[in-house]
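> model the structure of this input:
(chains A and B)
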Amino acid sequence: MLKLANQDTNDNVSVGRSRPFVRRQARPGWVAIDFGELWRYRELLVFQAIRDIKVRYKQTVLGVAWAVLQPVATMVVFSIFFGKLAKLPSDGIPYPVFTFCALLPWQLFTYALTYSSNSLVDNANAVTKVYFPRLILPFSAVISGLIDFAIAFVVLAGIMFYYGVRPGWSVIVLPLFIILALAVAMSIGVWLSALNVKYRDIRYTIPFLSQFWLFATPVAYSSSLVPEKWQTVYGINPMVSVVDGFRWALLGRSAPSIPMLIVSVIATVVLLACGLFYFRRMEKSFADIV
Amino acid sequence: MSNIAIRIEGLSKRYRIGVQNNYPTFREALMGTALVPLRKYRSWTSSNQKEYDSGFVWALRDVDFDVKQGEIVGIIGRNGAGKSTLLKILTGITEPTSGYADIYGRVGSLLEVGTGFHMELTGRENIFMNGAILGMSRQEIKRKFDEIVAFSEVEKFLDTPVKRYSSGMYMRLAFAVAAHLETEILIVDEVLAVGDIEFQKKCIGKMQDVSQSQGRTVLFVSHNMDAIQRLCTRCLLLDHGRLVTQGDPASTVLRYISHNSSQAQPKQWIDVSNVGRMGTGEARFVAIQYSSLNETVSFHPYKDGPLEFLLAIESDSPMSVGSLGVTIFNRTGTMLVDANIGTTSEIINLNTGRNIVRLRIEELHLNPDIYILGLWLDKKSKSIGYDQPLDYIESVCEIEVVNLESIEDGIKEAAPVTCKFRILSVTNESIASKV
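Below is the predicted model:
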């Protein structure tokens, strides 16, 4: 049959028009990730992300101000309770700057987590009616969080200027930590979005998950509170490296340890790879059960 | 051999009914695993093992056919026959359980008008968004943008959010985007079910154009038998997931319609709870009765006479419905009568449980023949493409319209329909010129 397909394409080439050939049939088990196809649909990825951003603040009174309000409000609360009252150490940096710097990647992460895990269910109509690589949906949800991140970043710059904190040369590595944050968010998002199609419980676990994760990540406190010998193990939570990386790049605090970084990167890669394969395996049944 | 566009062999798709309807929760999944031994024991002791085997339904079963390049193939069949499943497999949305479909060429699809449209975005934004979802590149959309806008006739509202569009504008825009896909194969499902005559004409014209002048292949699912016969070069009939017949559209349509209905007698309840239908089912027709109130023709409907229906509707909750009606089709599938309260803006309140609605067509202007009865129930008076009605039965049963005079006179002869008319005036040329 495949031979026939080739023949057919050849025939058409002679006519001056080539027709691609596909066979639709059951593919049991694990399926490889089709990066070529993802690349062909890259414009959809961008459109989808832009759409998410446009839609998010339509018909809201405050509009984009929400992107500023959320991290700023959290920062104020943390500064009062953890900074002023509990007097948590902030490595010699003014506490508001210290915590806001961590809140940036943290907001990006929780945002991506929430939206990507609901992405397939929220777009159920499109999923059951049109074919496109389903990975586009959780991916674009993660990417659309970057706008909020960029807006909040401007606020951070203002706060840093106010407190007279100046970033050092290490600021050039910041993009690497942004990428790591996105990768972590994607890996979790891919897992949860696929699971959410089948098990709607996932939706309700997300607020808990992000709350627990917040305490496992040094956002309100400093990672130096964790004993030295546990630092490497602590890196299993990749967000620890992300937050420490941000503080290093922007506030000139000491760099995260190399073993911890390696552990974090490995954890992310493993989580992401497994997530992608799980997603691909479930992908073919999405339209039937969503 | 070289001009095959689609080749399908042994294509089957099985759905699990349970999974399709309920979302399992983690707890259920865990409980399910834990209870396996118990379930096995139960099915072993009691004889209702069949219950577990019948949790599957074959949406498609061993379907084989070929489509040549440039053909317009119509696919017909009652609801649940597997038409949409077939299209979903061809477009790659879902996978077949067994068998395969070979597709030569890019596939563009329009399975539902307005898929991927977002209510908050403007018409312009949605053109790009929808185009991207359907697989068009930005360049391609830009190049076709003016053409799409011209086809959809929404120039003035391009920068208005589509939630403010009328349903007609919405559908025109959505169809326009999909129709301008430059794929070798175009797959279209039920576009004509929505929209007015003008829109339908436009769609049909566009599809003809696509296949004739551009040599592209079109697969077209519709319940509009008229359109199928006018548009298609070949027609497939599906029933319960199997390909029943294929051939020229006229004979396939005839086969579908005669195969579909059974004739029911007037003045007696017809159980419709088990006929093929579409809709959410929150309120549904369970039985109907029809009668012409004239004993001499044993209550059969007759030309220009009244036709009264009793519609038993079972509702899950109290609700008001803005669209409730009876449709009458001829045997080639053209809708001739649509007696729907939606056209008179009436609203009917249904209570929980069984409601009986009495509906009378005062004068039935139909010639003696066999017709097909359909039923429609919806909350809103106008349907917008993407919402399911409460209940829709395309073909309930056949009814026979008899000729009252011929029965009285003993002659059977079809006379043309008399329309209401009167003479408005008589003018004499010679007098008129004098004045």
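> after the lowest-mean-pLDDT helix or strand in chain B comes which helix or strand?
For chain B, counting by mean pLDDT, DSSP states H and E, helix B:50-53 ranks last in confidence among helices and strands (a mean of 44). Using DSSP states H and E, the helix or strand that directly follows helix B:50-53 along the chain is strand B:56-68.
> the helix or strand following that following strand packs against which elements?
With elements assigned by DSSP H and E, the helix or strand that comes after strand B:56-68 is strand B:72-76. The contact analysis (3 or more Cβ pairs under 8 Å, 6 or more residues apart in numbering or on different chains; DSSP states H and E) places strand B:72-76 against helix B:83-91, helix B:197-212, strand B:217-221, helix B:225-231, strand B:234-239, helix B:249-260. Bear in mind the C-beta positions are built from the backbone N, C-alpha and C, glycine included.
> so which bits of whatever helix or strand comes next after the fifth one are buried?
Proceeding C-terminally, strand B:234-239 gives way to strand B:242-247 as the next helix or strand, assigned by DSSP H and E. Along strand B:242-247, these residues count as buried under the neighbour rule (16 or more other Cβ atoms under 10 Å in any protein chain shown): B:Arg242, B:Leu243, B:Val244, B:Gln246.
> which strands and helices sit next to strand B:242-247?
strand B:56-68, strand B:234-239, helix B:249-260.
> how near is B:Asp226 to chain A?
Using Cβ to the nearest Cβ, to the nearest Å, B:Asp226 is found at 25 Å from chain A.
> isn't that residue up against B:Thr332?
Yes: in this structure B:Asp226 lies within contact range of B:Thr332 using Cβ atoms under 8 Å: 7.2 Å.
> excluding chain neighbours, what is closest to B:Leu173?
Leaving aside its sequence neighbours, B:Leu173 sits nearest to B:Ser152 (Cβ to Cβ, 6 or more residues apart in numbering or on different chains; 4.3 Å).
> up against chain A, what does the stretch 101-250 of chain B have?
Neighbours of chain A within the stretch 101-250 of chain B, by Cβ under 8 Å from any Cβ of the partner chain: B:101-106, B:109, B:111-112, B:115-116, B:118, B:120-121, B:125, B:128-129, B:132-135, B:137-138, B:184.
> let me see the ranges of the helices in the stretch 151-290 of chain A.
Taking DSSP state H, counting those that start in this stretch, the helices of the stretch 151-290 of chain A run over residues A:174-198, A:202-215, A:231-234, A:238-251, A:258-289.
> my bad, chain B
Taking DSSP state H as the criterion, chain B carries its helices at B:17-21, B:26-34, B:36-45, B:50-53, B:83-91, B:123-133, B:138-152, B:167-179, B:197-212, B:225-231, B:249-260, B:404-409, B:429-434.
> and the contacts of stretch B:233-251?
Residues from elsewhere that reach stretch B:233-251, judged by Cβ atoms under 8 Å, 6 or more residues apart in numbering or on different chains: B:12-13, B:58-65, B:71-78, B:80-83, B:85-86, B:228-229, B:232, B:252-253, B:255-256, B:259, B:332.
> which secondary element of chain A has the worst mean pLDDT?
helix A:2-15 (a mean of 35).
> who does the following helix or strand past that helix pair up with?
Following helix A:2-15 in sequence order, the next helix or strand is strand A:21-25 (DSSP H and E). The pairing partners recorded for strand A:21-25 under DSSP bridges are strand B:98-104 (antiparallel).
> in the chain, what spans have low per-residue confidence?
Let's take chain A. Residue ranges of chain A with pLDDT under 70: A:1-19.
> that's the wrong chain, I wanted chain B
Along chain B, segments meeting pLDDT under 70 span B:1-2, B:17-54, B:114, B:192-196, B:258-263, B:382-387, B:405-418, B:429-435.
> can you tell me the closest non-neighbouring residue to residue 268?
I'll assume chain A. The shortest distance from A:Thr268 to any residue other than its chain neighbours is 4.6 Å, reached at A:Pro238 (Cβ to Cβ, 6+ apart).
> my bad, chain B
That would be B:Gln289: by Cβ to Cβ, 6+ apart, it lies 6.5 Å from B:Gln268.
> tell me where the stretch 1-150 of chain A has helices.
Assigned by DSSP H, counting those that start in this stretch, the helices in the stretch 1-150 of chain A fall at A:2-15, A:35-40, A:42-56, A:65-78, A:95-122, A:124-129, A:136-163.
> who's in contact with A:Gly189?
Taking Cβ under 8 Å, 6+ apart, one finds A:Ala112, A:Leu113, A:Tyr115, A:Ser116, A:Ser117, A:Ser119, A:Pro138, A:Ala141, A:Val142 in contact with A:Gly189.
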